[in-house]
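K.L.:
no sequence for this one, just the structure:
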């Protein structure tokens, strides 16, 4: 006896639903969706996440036995920032827990805040005035964005170590105990030290020998710096990290281990990241369209392009309308949606081409309808499974992964719609245009031949 494999089909593959008969309705729905998205983007804009707005990212380490709650830590960080800045609105604060791999007895949390500074404009003015009192004739300026960095140019050169001490005293008296100091002279010495350390490592010496000689070089640098004079100095206020560290330590006690790392992203850099992310989406769409042209032919490409534009614009429009945070994970989700949608479209296009080759005399409307009907079960099952997974992450996930899942949920819905109701009807319309042109050219050619061979009267 021969065994037959039966496959589950959600839709009857022999069905004959008229998907392209109402294509004008689908065009209208597509147009309305794109128009609504454009209006939302032009009026509401993006609710930019910290990735695209600027801020500070810290990695905090806790004892895993304490079982620190992510939402509780977010509230603690918000309270610390409110107290440090004396403001109720401290902007976005996002906390995400993650594993560093390899097990261990500690948990790590990524803490991202919109703030990069606890030094207000008023405090900067006060510090500028105190620095000018301490160093008459000095020119003081502050970094336009990012960390709290003051640039001090003295009227006359002064001893570097003594100037460092005087600057720290000014900031400590203003309530900023944690500051870093630097100068052009020290930067030059650091460059020489770095070159010397590189030479040591290239000489093939043992680690112990390198450590001994490195200590000698650093001691020589410190001694040399004591004799240096300079005019150009910098002071960096490190209070932001310090206040957060102190506030979290007060709340969690011994459960808090340390702030492992701290990184500030300025608004201009964040703006560049947004531009680069949108350009990446554009490049991905162009690459996909080129692939369609090479795999099929030119009449398939416009349908794929319109479907892709439909998906990307609607997903981004939904983020604008719902004012969900737009961040780097969302850019990744949009590109994932583009890939998912085009895969679905290619399945339908492949079936259209195959059916057309097997039945060249059948009307194109019948070919397209039959192709969509035979792939419908696969399309819906794939979309449904992806939708269920993304929906579960959206409902039960948290932080940035929830925003990613939101984009996927919207993307799966609009991507499935566009593959069936946008790409295929557009292909069919173009097919008619190409065939009409071929017929017109053939008719013109026949008329020309008839004119040439007609006997003279």
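P.N.:
Yep, it's here. All figures in this text were calculated on a predicted structure; none of them were measured in a lab.
K.L.:
quick one, strands of the stretch 351-457 of the chain?
P.N.:
Defined through DSSP state E, counting those that start in this stretch, the strands belonging to the stretch 351-457 of the chain form an empty list.
K.L.:
any low-confidence regions in the stretch 151-300 of the chain?
P.N.:
When the per-residue scores of the stretch 151-300 of the chain are filtered using pLDDT under 70, the ranges that remain are 266-267, 296.
K.L.:
can you map out the strands along it?
P.N.:
Listed in chain order (using DSSP E, counting those that start in this stretch), the strands of the stretch 151-300 of the chain are 179-183, 229-237, 256-265.
K.L.:
can you redo those strands as TSV with distance to residue 122?
P.N.:
Bear in mind the C-beta positions are built from the backbone N, C-alpha and C, glycine included. Converted to TSV, the strands of the stretch 151-300 of the chain look like this (distance: least, CB to CB, whole Å):
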stretch	distance to residue 122
strand 179-183	18
strand 229-237	14
strand 256-265	21
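K.L.:
out of the ones you listed, which comes closest to residue 355?
P.N.:
strand 256-265 (52.2 Å; CB to CB).
K.L.:
name the residues of the closest one that are buried.
P.N.:
Residues of strand 256-265 classed as buried by neighbour count (16 or more other CB atoms under 10 Å): 256, 257, 259, 262, 264, 265.
K.L.:
out of the strands of the stretch 151-300 of the chain, flag the one nearest residue 130.
P.N.:
With CB to CB as the measure, strand 229-237 is the member of those nearest residue 130 (11.6 Å).
K.L.:
between that closest one and strand 179-183, how big is the angle?
P.N.:
On the basis of axes from the mean of the first three to the mean of the last three CA atoms, to 10 degrees, strand 229-237 is oriented at 150 degrees to strand 179-183.
K.L.:
outline the domain layout of the chain.
P.N.:
23-48+267-439, 55-117+244-265, 121-175+179-236 (automatic domain parsing).
K.L.:
closest to residue 16 out of the ones you listed?
P.N.:
Proximity to residue 16 (CB to CB) singles out domain 23-48+267-439 among the domains of the chain, at 6.2 Å.
K.L.:
the closest one: how far from the chain's middle?
P.N.:
20 Å (CA atoms, centre = their mean, to the nearest Å).
K.L.:
now do stretch 183-194
P.N.:
Going by CA atoms, centre = their mean, where stretch 183-194 is centred and where its chain is centred differ by 36 Å.
K.L.:
can you list contacts of that stretch?
P.N.:
Judged by CB atoms under 8 Å, 6 or more residues apart in numbering, the contacts made with stretch 183-194 from elsewhere in the structure are 160, 163-164, 217-218, 221, 224-225, 228-234.
K.L.:
what pLDDT does the model give residue 45?
P.N.:
We have a pLDDT of 85 for residue 45.
K.L.:
also residue 429?
P.N.:
pLDDT, residue 429: 85.
K.L.:
cool, and the one 10 residues further on?
P.N.:
At residue 439 the predicted local confidence, pLDDT, stands at 75.
K.L.:
now the helices for the stretch 201-350 of the chain?
P.N.:
In the stretch 201-350 of the chain, the helices defined using DSSP state H, counting those that start in this stretch lie at 207-226, 239-252, 267-295, 301-322, 328-358.
K.L.:
how close does residue 173 sit to residue 284?
P.N.:
Distance of residue 173 to residue 284, computed by CB to CB, to the nearest Å: 55 Å.
K.L.:
more neighbours: those two, which one.
P.N.:
Using other CB atoms under 10 Å, the more surrounded residue of residue 173 and residue 284 is residue 284, with 18 against 12.
K.L.:
now the more buried one: closest residue in space that isn't a chain neighbour?
P.N.:
For residue 284, the nearest residue in space outside its immediate sequence neighbours is residue 335; the separation is 5.2 Å by CB to CB, 6 or more residues apart in numbering.
K.L.:
neighbours around the one you found, how many?
P.N.:
By other CB under 10 Å, the residues close to residue 335 number 20.
K.L.:
how near is the residue nearest the centre of the chain to residue 278?
P.N.:
Residue closest to the mean C-alpha point of the chain, counted by CA atoms, centre = their mean, is residue 328 at 1.3 Å. Distance from residue 328 to residue 278, counting by CB to CB: 12 Å.
K.L.:
now residue 427
P.N.:
For residue 427, the distance to residue 278 equals 28 Å [CB to CB].
K.L.:
residue 49 now?
P.N.:
14 Å.
K.L.:
how about residue 46, what does it touch?
P.N.:
With CB under 8 Å, 6+ apart as the criterion, the residues that contact residue 46 are 52, 274, 319, 320, 326.
K.L.:
A strand includes the first one, no?
P.N.:
No - under the criterion used here (DSSP: H, G, I helix; E, B strand; the rest coil), residue 52 is helix, not part of a strand.
K.L.:
with adjacent residues omitted, what lies nearest to it?
P.N.:
If the residues on either side of it in the chain are set aside, residue 52 comes closest to residue 274, at 4.0 Å by CB to CB, 6+ apart.
K.L.:
for the one you found, give me its contacts.
P.N.:
If you count contacts by CB under 8 Å, 6+ apart, then residue 274 has 46, 48, 51, 52 around it.
K.L.:
from those, which would you call buried?
P.N.:
Neighbour-count burial (16+ other CB under 10 Å) applied to the contacts of residue 274 gives 46, 48, 51, 52.
K.L.:
could I get these as JSON lines with distance to residue 352?
P.N.:
What follows is these, written out as JSON lines (distance: CB to CB, whole Å):
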{"residue": "46", "distance to residue 352": "37"}
{"residue": "48", "distance to residue 352": "41"}
{"residue": "51", "distance to residue 352": "40"}
{"residue": "52", "distance to residue 352": "40"}
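K.L.:
so residue 427 and residue 278 - more neighbours on which side?
P.N.:
Set residue 427 next to residue 278 and count neighbours by other CB under 10 Å: residue 427 wins out with 27 against 15.
K.L.:
nearest spatial neighbour of that one, skipping sequence neighbours?
P.N.:
Nearest one to residue 427, counting by CB to CB, 6+ apart, is residue 303 at 4.3 Å.
K.L.:
list the contacts of that neighbour.
P.N.:
Residue 303 makes contact with 345, 422, 423, 424, 425, 426, 427, 430 under the criterion CB under 8 Å, 6+ apart.
K.L.:
quickly note the distance from the second one to residue 329.
P.N.:
Distance of residue 422 to residue 329, given as CB to CB: 26 Å.
K.L.:
the more surrounded of those two?
P.N.:
For residue 422 against residue 329, the residue with the higher neighbour count under other CB under 10 Å is residue 422, and the figures read 26 against 19.
K.L.:
skipping its backbone neighbours, what lies nearest that one in space?
P.N.:
residue 307 (4.6 Å).
K.L.:
what's the burial count for that neighbour?
P.N.:
Burial of residue 307 is recorded as 28 neighbouring residues (other CB under 10 Å).
K.L.:
try residue 231
P.N.:
For residue 231, the neighbour count with other CB under 10 Å is 17.
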